[in-house]
Each structure stands twice: as C-alpha cells, then as structure tokens.
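J.: how would this look folded up:
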Amino acid sequence: MSVKQISGKFEFTNIKCNSVDKSFDDFEYCYLKSVNRSYKYLSLKVNLFKTPITKIKVTGIVYKRFNGYRPFMYNVTVDFCRLMSGANKNPIAIYGFNFIKNYSNINHTCPYDHDLLIEKLDANFMNYQVTKVLPVPEGDYLLEVHWIAYDIERAVVKFFVTIS
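T.: Alright, predicted model coming up:
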C-alpha cells in the first residue's frame, strides 16, 4: 500500500498598511517583493513619532473568503507588552508572533523607542508554519492586525494570503 504525502502551499497575495493616527506613526514602506517564482517576501517599516511607547494592545482577526471576507475562527486581543515579557501565555498570540519574531526588531519587552521593522519575511518560512506546524485549511485569507497604543487605534496592517 502506498502512502502519499499531501502538503499545502502558502503565498502572500497582498499587504495593506494604514496609519490611523499620522501624528503618532506612519509607514515608511510596506510591500511584497517577488524575487523569482519560488522566493517572495514581505517588508514594512513604521516610523514612531511619540516614543517611548509603554502600553500596546494588538488585535488579530482572521477572515476567510466566502463571497467576500468573513470572520474565520480567531479574533484575539492581547496586551503586547505582557506578551513580550512572558506574562501572557495566549497560545494563539504566541503562534502569531512566532511568524515575525526572527524577521523583526519588535522581539523585546516594552518600552519601544525606535521605528518598527519586519524585514524580508519569507513566504517559504510562512509556508512551513501554516502547513506543517499548525495546518490551516486551503483558501484565501485576510489577517487584519490592529495596533492600539494607549487605548487608541494607531495602525492597521492587512495581510492577504492564499493557501492551496
């Protein structure tokens, strides 16, 4: 009897970055780059104008496309400073943060007194995370991340992906 291995493929399709409060922060860049057929990455940089920042919440909402994007499974809000200090053990937030921790300069505890970066987040790394670590069903997804500082929404980043 033959056993076949089935595996999915993760692909970034778009990214949209929006500063809600341009006096607090603004995006210097936010883009996807396709180097060749098999290597695509994401980069973004947000400039912070009112540092240090000591109180941050993050809301992550996952949508799946069914005749438009509909909420799918997760809508999680965490105190980001507590998550980074290890006091918050939310497994979904930790799983989500593990996507960016090796590609970012936000992998330390509060306060944040510098611009925030995600540099060259590799689609191949993401493929491993969503097909091997915690398999996600096929489909088109939107991950919407709301960054809230001092209880005021400051920025929204939308990651559009396809898992096939």
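J.: Okay, now the sheet partners of whatever helix or strand Met73 lives in, with direction.
T.: Assigned by DSSP states H and E, Met73 belongs to strand 69-79. Strand pairing for strand 69-79, using DSSP bridges, gives strand 56-65 (antiparallel).
J.: which residues sit in contact with the closest residue to Val46 other than its chain neighbours?
T.: Counting by Cβ to Cβ, 6 or more residues apart in numbering, Val46 lies nearest to Leu116, which is 4.8 Å off, once chain neighbours are set aside. C-betas here are computed from N, CA, C, even on glycine. Residues near Leu116 by Cβ atoms under 8 Å, 6 or more residues apart in numbering: 45-46, 48, 104-106.
J.: tell me which residues of stretch 112-122 are tucked away?
T.: 112, 116-118, 121 (16 or more other Cβ atoms under 10 Å).
J.: Could you do stretch 68-85 as well?
T.: In terms of neighbour count (16+ other Cβ under 10 Å), stretch 68-85 has its buried residues at 69, 72, 76, 78-84.
J.: Off-centre distance for the least confident helix or strand in the chain by mean pLDDT?
T.: Among the helices and strands of the chain, helix 123-128 carries the lowest confidence by mean pLDDT, DSSP states H and E, at a mean of 78. Centroid separation for helix 123-128 versus its chain: 13 Å, with Cα atoms, centre = their mean, to the nearest Å.
J.: Pull out the buried positions in it.
T.: Using 16+ other Cβ under 10 Å as the test for burial, helix 123-128 gives 123, 126-127.
J.: could you point out which element follows it?
T.: Helix 123-128 is succeeded, C-terminally, by strand 139-149 (DSSP H and E).
J.: Tell me the first helix or strand C-terminal of that following strand.
T.: Next element after strand 139-149 (DSSP H and E): strand 152-163.
J.: Please state the mean pLDDT value computed over that next one.
T.: For strand 152-163, mean pLDDT is 92.
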